[in-house]
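J.: I would like to see how this sequence folds:
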Amino acid sequence: MHLFTLLATLTLLWPVGPPPPEILRGWQPPPGPYAAGHRGVDLAAPPGTPVLAPAAGTVTFAGPVGGRGAVTLTLPGTGAPPLRTTFTPVTPLVPRGTRVAPGTPIAEVTESPHCPRSCLHWGLLRGEIYLNPLLLTRRPPSRLLPLAGG
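T.: Residues are numbered from 1 along each chain as shown. Purely as a prediction, here's the structure:
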């Protein structure tokens, strides 16, 4: 499935609430595969916050990465290679191989120095290419306000 078609047809739920959660740091793609960047978004979430599956999928990884807990959810029917969404720092609640429905608790947020406040780092990949997970969420419409003293 072509990425633009996928973006038009797939909507992800927010993994933490209340929806939409506060975004502490946005997606900043790196200029190259090994360059610095922020390959996901940081959502405000205190330790113990349940992390919910944003779509139906299969947990394809649940364990430590670089000393932090991580969960990867692979989304079926999203083409080849399929989309994968990742979550850190977390304590996994379900083992690898578990199929989950949207909204199923799959992990809990844990403490990490990744953010100045406690947060959930949410990533989205197609193969080895990082994408912005916010492209697949529903967000309230923007409102333009009149200039004061108009």
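J.: list the contacts of the spatially most central residue of the chain.
T.: Nearest to the geometric centre of the chain sits Trp122, at 2.9 Å (Cα atoms, centre = their mean). Neighbour list for Trp122: Pro15, Gly40, Val41, Asp42, Leu43, Thr85, Thr86, Phe87, Pro133 [criterion: Cβ atoms under 8 Å, 6 or more residues apart in numbering]. For glycine as for every other residue, the C-beta is placed from the backbone atoms N, C-alpha and C.
J.: next helix or strand past whichever strand or helix holds the fourth one?
T.: Asp42 is part of strand 41-44, with elements assigned from DSSP states H and E. Counting by DSSP H and E, the element after strand 41-44 in chain order, helix or strand, is strand 50-52.
J.: got a pLDDT number for the residue nearest to the centre of the chain?
T.: Note on Trp122: pLDDT of 97.
J.: poorly predicted segments of the protein, please.
T.: Where the chain drops to pLDDT under 70, the residues are 1-8, 139-143, 149-150.
J.: show me where it has its helices.
T.: Using DSSP state H, the helices of the chain run over residues 3-9.
J.: show me where it has its strands.
T.: With strands called from DSSP state E, the chain shows them at 23-25, 41-44, 50-52, 57-65, 68-75, 83-88, 90-92, 99-100, 105-109, 119-126, 129-131.
J.: right, so of these, which gets closest to Pro146?
T.: Closest to Pro146 of the strands of the chain is strand 23-25 (Cβ to Cβ; 25.8 Å).
J.: strand partners (parallel or antiparallel) of the closest one?
T.: strand 41-44 (antiparallel) (DSSP bridges).
J.: show me what the partner strand is in contact with.
T.: 14-16, 21-27, 114-115, 117-122, 132-134.
J.: and that strand, C-alpha only, in CSV?
T.: The C-alpha coordinates for strand 41-44 follow below in CSV (Å, rounded to 0.1, in the frame of the first residue of the first chain):
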residue,chain,number,x,y,z
VAL,A,41,7.2,12.4,19.5
ASP,A,42,7.3,12.7,23.3
LEU,A,43,3.9,12.7,25.0
ALA,A,44,3.4,13.9,28.6
